[in-house]
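> here's my sequence, what's the structure:
(chains A and B)
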Amino acid sequence: MSSIDVRVPPPATPVTVPRGPLRDRPGGPGRTLLDVLDATVDRHPDRVAIDTGERTRTYRELAADVAAFAARLREEHVGPGDRVGVRMRSGTAELYVAILGILRAGAAYVPVDADDPDERARTVWSAAGVCAVVGDPPGDAAARPGTGSAPTNAAAWPPDGAVAIAPTAGGLLSVDAALRAVPARTGPPPPGPAITPLLPAVGDPASGPAPDDDAWVIFTSGSTGAPKGVAVSHRSAAAFVDAETDLWTVRPHDRVLAGLSVAFDASCEEMWLAWRSGAALVPAPRSLVRSGTDLGPWLVERGISVVSTVPTLAAMWDDDVLAGVRLLILGGEALPDDLAARLAADREVWNTYGPTEATVVSTATRVAPGRPVTIGAPLRGWDVAVVDEDGLPVPDGDAGELAIGGVGLARYLDPALDAERYAPLPALGWDRAYRSGDLVRASPDGLVFLGRRDDQVKIGGRRLELGEVEAHLAAAPGVRAAAAVVQRTPAGDPLLVGYVTGDPDPDVVREHVAGALSGGIAPLVVVLPELPVRTSGKVDRRALPWPPPHTAAPPDVALDRTAGWLAERWAEQLGPVAIGPDTDFFGAGGSSLSAARLVSVLRARFPTVAVADVYAHRTLGAFADRLDALGEAHEAPPAVLRRAPRSWGIVQVVGVLVLLLIGASQWLVGGLAYDDVVGEGLPHLSWVWVIGAWLALSSPLGRGAVVVFAERVLARGLRPGTFDRHSWLATRLWFVSRLAEACHVDRFAGTPWAGRWARVLRQDVGVGARLGTVPPPGSLVTIGAGATLESDVDLQGWWIDGDRLEIGRIVIGDGARIGARALLMPGATVGDGAEVEPGAVVTGDVPAGERWAGSPARYVGRAGEGWPAEDPPRPAHRRLWRGMFVLGTVVQALLPLVAFVPAGLVLWALGAPAPTLHTGVLEVALEVVALTVVFLCSYALLVAGVVRLAGRAIRPGWQADEGATGWALWFTEGVLSTARVLLFPLFASLYTRSWLRLMGIPVGTRTEISTAVGLSRLTRFGDHAFAADDVVLSCGRARSGWLHVEPIDVGSRTFLGNGAMLGPGTVTGDGSLVGVLTTAPLSSPDGTSWLGAPAIELPRVAEATDPARTTAPPRRLLAGRAVMDLLRLLVPSMVSVGLGWAGLLALDAVGRHAGLVWMAVAAAPILLVCGVVAVALTVAAKWLLMGRYAPGDHPLWSFFVWRDEFVNSAQEQLAGAWLMSSAIGTPLMSVYLRLLGARVGRGVWCETMALTEFDLVDLGDGSVVNRRACVETHLFHDRVMKIGPSTLGRGSTIGPGSAVLPDTTIGDGTTIGGRSVVLRGEELPAGTRWHGAPVVGA
Amino acid sequence: MTRADAPPVRGRTLWDPLSAGAAAAVGAIVGVPTPPGAPDVVLLDARAVPTDPAGLRTLARATGPDAGDLQVCRTYRYPFALVTWHEGRVGVDLERVIPYDRQFADAILTPDERVTGAVPSSRAERDRWCTAQWSGKEALSKALGDALLYDPRRLEGPAGWRDGRSGPWRATELTVPAGHVGWLVWWAGDARAAG
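Presented below is the predicted three-dimensional model:
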């Protein structure tokens, strides 16, 4: 029977299945196993039936012993219908005598392996309802591990359950003793293992078994863990024994191995191979069977010629030990092709298949080398069919489940289970069929076993057949035997593991399997000396070692510290696969999910690692390098930070006084001029001296000279490097920086002579450079010829990082372009002709000719892309427009002064004299109110007028940068930048929209605009839009003389976060959001949200808000806000004007009483007093209006928000304007913030005024907030002010221009790089470094 | 879900655009119910063919429209795959439920989600909840175009969207085979502006 008949179904009805030929049922009414045995005894009475090595029994002797033991059982009333448990050591003749004796008594035997745990015996026998148990003698039992000296069966009793237990007083009776006792059983039972009667036997001892009586009940291990009892009748068993004689021939002189546990139904095949043919059954010691390999020599020694076993065991035997085996019957596991070919080369080999539920073997085929291995065709009397889930035959050649019918069908003891699993197959006309759960397909060579349906496993989302994996493993070079299982990694993920024996190279095996399996799945290959096997001879999968004895990298690959550690983390996700430096995470089975899980683990040691790092650095080596670059979490700063010497603080305070003196010079000149006009008491100073003093102390040239002098003295010998933050050098740099700002040395930025001005300031600027930003004094900057710098580029070249002062040279190549608001960190180099886009942060080198963008900056294209190749046209009236720049500079400077003219006229018209020392306080107060109101109105109107007028020159398109549009953009922004200081409260108010409309800037209804930069008639806002502080709307971009201008459209209901940047041509859709420090995409669809540089779309859930408090306020709220905004606009300004007036009068008094010299000396102290008063008033306003800030939400149209805005205005116009803007970065700043309720530790460097809800600000000891950084404690998304705390740990650093959003915590010693964003709610671990918008590990 | 209780696929005739190879496997493809206005989603079951993972991918690639103006997204968890297509951007994800792990949850949830997300108390629900959070974010990041750009800790997952809406984006959890979770995210705004 080497092939199977396959019926080809008609094409139109593809429902029939390939199946074996229905063979004749065994003849007649059937017979019993005893009939089989008796026939053999009759034919071969003197041949050896059992040979244990110690003793042999002939068939005649065996028959006698069996009869005697059966008689003993019958004495216990055991008979047909009874079940008797058997649990005896293997390898003994008594075991077989017991089995046959039970059969002879007419009962069915219920075997339990002697090595199985007692619990299993208890379970099995309870389920089977055995009436007696046959066990080993106590002495023999002692040899069995784990049972001590107790009798075998006694150890398993009493079983749980409903079985009544009735042990006899006589205890146990061994088979030997039973045999001896049979003639005259008198007196006490002999000692030793025994029959233990348990239940009253129900059988008829006088009769033997009938064909339909059960021969055995064998329990299989169900997948659910509950053993299932399978009862096999004598008819089925005898049919099986007889059917096998159709397949092969066993001769009387053969010696048949009995190596399998009798608890395994394949043992029946061993027994009856011998007993059906008069051959000798040769039991093997269990220890040899367990080892597998050692059983080989034993086969030779014992002259075994017929073996029925599992492929795993056979694979362990060399050809020489199998030399004497002429018939090898394999089953129980899938037979690999290579093994089949090896074994079948020199002997007769059969591959069999059959579940216990269909009596040992259902199909079989002769194995022939070179032919595909199948499980063949059904035995005589068995039927098979390949069916689908619905029990319908599958088309020819398709895979399906193997259903078995015919004489071999057994039954489950559990009737419900029996009904389920032996259900009819109506489509085939079978009343009873067993659904095997095995997947097969028919082929011309027979049924091809595909694996267990429940042997399918999922690895990496792919379903595999373990049998298929094992077959490929076994076929790999050097592999003798193999088993595949799914283990669990420490992370809980399934991992395919192949255990092999032999002398294979694991890598070769792995590659072999990967090449054979679909999807390239490769198991972890573990080489073992031998595979553990169960009593059945099958591989004991549970005993396969896990974790394996050796894992991780191949032994010849040395992994360094980080890589080695990382390999272990990979193994937790991927399993302990062979990992080398070049192993690809995703190639080794990783998925996006496992990548995320990996990162969640890595962050414990490398807190800054991101999921994107796994994708960007896919191999182990590259990823390890990335981790090293990111660095581990450093230890937190020491408990006591090194404190700055008090002297530097004192020096800084002195520096603040000097800065006030510089400011006082202008003020002094103003006072003298005023006195010349009013003529009240002061020694008259001619206008020549007044103007001379202005030129020397207040004019751009004079102040430029002061700055140059200060820089040459204080920044002498400045060089790149890392220095102590608490040093004289840091103090000097701080002072030069503050001085440059106080002297407005950047006032000529954007003009045609900015380059020359920079050179006047001793900066290294090449010929033809166009500077929208003048390099600040105290920086090491080189700007190449023809380079273009747009506005507000940060070229400082130094920053404070923790305890260090980092200074670096910045080099900008010839013809390079640096976009607006770009930040060039110390050491940055921009190559010739390169482009750095607006808002970018450069920390290293930008190669020549490349275009970089983003924070941190990265390559985005070639420089010059999108720019005209030719030179720009020479602008018409170029000289005129150069003159306009001069005029514009004058207008910008004089505009605030001009605005006082109407105020003076009003006072004059009202008949109010100019205040003097003799003017009454009330009168002065009234005059201050009038002056302030008129000044603010006239200045606002003047600004609106000139911006509107100049704005008409702004034209979109490509043009020369020194033409009308370039001038108009420069001029209007210059005017507005001053207005943002003097008219600060007018922004973000109810009046902003009307004012901007006056300027010709289109602004929609209810749109809120704060201190936006770059407003012009080309910047259009829809209705209900919102622009937060410092939004940059840059309609133009410049490069090499070209100016490209395009309008910007901000959609209705769109929100622009703090510092957001919109470039020329940007169109944001309605209802969209551009986050903090985000570079808006050129075009954003309606309703989208964007974050970062470059911006990525980040959908968000908008807050559900009350329109009445956010977008459509009722009249009463409109009126309330109108009043509050008016107060916010007027009160701080009035106080400021009043302070100025009071200071001026005080200065006047000093001059009158002490002379001009003392007047000049007193100017700075008087300013300091004014500043202190301004700070005190600001602090008072905060506590009176706001009390203590607390986290919470407040809609835009609420009194809370209006009060908060009032305090902000007070800070800007009073504390900041009079004192603190000069004191940032000094200990005075810490004192100020503490007065406002902030928690500020010792030695804090805070170089910004951008703090608002002070009680929610926590700056740890030694923390650093660099220039233009922002510690946010609120956001205004959805027009709701969400307030939350921001905490900077001890020794932490916020880089220049960066923003920390509310609800964040920056760990101790953690550093945030330049122009970076820490998103709301994020907590950055201690000792880490971050950079980018939003931040990623640096 | 079995074929028997699978709803008919709405909208266009599903099989018209299919390749011959995919049509041959018609029994392995069933429609997945989605809300009105949502893109069509089909579930492919390799067991019904049966086929291996590579075959499943081939089948999935052959499934869907052949019109060039539709965007197609596929996800695989053998033996299943989901395929969806839409005029605008669309993302679909299918995950096998994994055990809940606090460390992993912290690595994928936004600060708000960590605060407001109610972690179920029962183990099974917790496993499913956590996997669904991830799956929703995966589907969203696919729809957004470049999943690598997105740190899940910064991506508000659609599991937390009110009514499955976020601006022009829509999302829904899919009915998928037991032991799995699946999410669909699609662009419901102007298709021309969808990028």
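
> for chain A, what's its nearest residue on chain B.
Ranked by C-beta to the nearest C-beta, the top residue of chain B for proximity to chain A is residue B:111, at 2.7 Å. All C-beta atoms are positioned from the backbone trio N, CA, C, and that covers glycine.

> if we ignore the residues flanking it in sequence, what's nearest that residue?
In space, and not counting its chain neighbours, residue B:111 is closest to residue A:1321: 2.7 Å by C-beta to C-beta, 6 or more residues apart in numbering or on different chains.

> show me where the stretch 1-150 of chain A has helices.
A:33-43, A:59-75, A:93-104, A:118-128, A:138-141 (DSSP state H, counting those that start in this stretch).

> dump the second one to CSV, restricted to CA.
Written as CSV, here are the backbone C-alpha positions of helix A:59-75 (Å, rounded to 0.1, in the frame of the first residue of the first chain):
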residue,chain,number,x,y,z
TYR,A,59,4.4,-18.2,24.5
ARG,A,60,3.3,-21.3,26.4
GLU,A,61,4.7,-19.9,29.7
LEU,A,62,3.2,-16.5,28.9
ALA,A,63,-0.2,-18.0,28.3
ALA,A,64,0.0,-19.9,31.6
ASP,A,65,1.0,-16.9,33.6
VAL,A,66,-1.7,-14.8,32.0
ALA,A,67,-4.3,-17.4,32.7
ALA,A,68,-3.1,-17.6,36.3
PHE,A,69,-3.2,-13.9,36.8
ALA,A,70,-6.6,-13.7,35.1
ALA,A,71,-7.9,-16.3,37.5
ARG,A,72,-6.6,-14.2,40.4
LEU,A,73,-8.5,-11.3,39.1
ARG,A,74,-11.6,-13.2,38.6
GLU,A,75,-11.3,-14.1,42.3
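
> now residue A:648: which helix or strand?
helix A:646-678 (DSSP states H and E).

> what packs against that helix?
For helix A:646-678, the helices and strands in contact under the criterion 3 or more C-beta pairs under 8 Å, 6 or more residues apart in numbering or on different chains; DSSP states H and E are helix A:687-693, helix A:728-742, helix A:1115-1154, helix A:1156-1185, helix A:1221-1223, helix A:1227-1235.

> okay if I get these as JSON lines plus mean neighbour count, distance to chain B and mean pLDDT?
Formatted as JSON lines, the entries for the helices and strands packed on helix A:646-678 read as follows, by neighbours: other C-beta atoms under 10 Å in any protein chain shown; distance: least, C-beta to the nearest C-beta, whole Å; pLDDT from 0 to 100:
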{"stretch": "helix A:687-693", "mean neighbour count": "14", "distance to chain B": "57", "mean pLDDT": "78"}
{"stretch": "helix A:728-742", "mean neighbour count": "22", "distance to chain B": "34", "mean pLDDT": "88"}
{"stretch": "helix A:1115-1154", "mean neighbour count": "18", "distance to chain B": "26", "mean pLDDT": "87"}
{"stretch": "helix A:1156-1185", "mean neighbour count": "19", "distance to chain B": "28", "mean pLDDT": "89"}
{"stretch": "helix A:1221-1223", "mean neighbour count": "23", "distance to chain B": "34", "mean pLDDT": "89"}
{"stretch": "helix A:1227-1235", "mean neighbour count": "20", "distance to chain B": "26", "mean pLDDT": "93"}
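
> export the ones you listed to CSV and tack on distance to residue A:1084?
Supplementary listing: these in CSV, determined by distance: least, C-beta to C-beta, whole Å:
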stretch, distance to residue A:1084
helix A:687-693, 53
helix A:728-742, 35
helix A:1115-1154, 30
helix A:1156-1185, 38
helix A:1221-1223, 36
helix A:1227-1235, 37
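
> if we can go back for a sec, which one, of the helices of the stretch 1-150 of chain A, ends up nearest to residue A:1209?
With respect to residue A:1209, and counting by C-beta to C-beta, the nearest of these is helix A:118-128 at 81.9 Å.

> for that closest one, buried residues please.
Neighbour-count burial for helix A:118-128, with 16 or more other C-beta atoms under 10 Å in any protein chain shown as criterion, is recorded at A:118, A:120-128.

> what strand or helix carries the residue nearest the centre of chain B?
Nearest to the mean C-alpha position of chain B, by C-alpha atoms, centre = their mean, lies residue B:92 at 2.7 Å. Assigned by DSSP H and E, residue B:92 belongs to strand B:90-96.

> now for the next helix or strand after that strand, which elements pack on it?
Toward the C-terminal end, the helix or strand that comes next after strand B:90-96 (DSSP H and E) is helix B:102-108. For helix B:102-108, the packing partners by 3+ C-beta pairs under 8 Å, 6+ apart come out as helix A:592-602, helix B:123-144.

> okay, the helices of the stretch 1-150 of chain A, which one's buried deepest?
Ranked by mean neighbour count, those are led by helix A:93-104 with a mean of 26 (mean count of other C-beta atoms under 10 Å in any protein chain shown).
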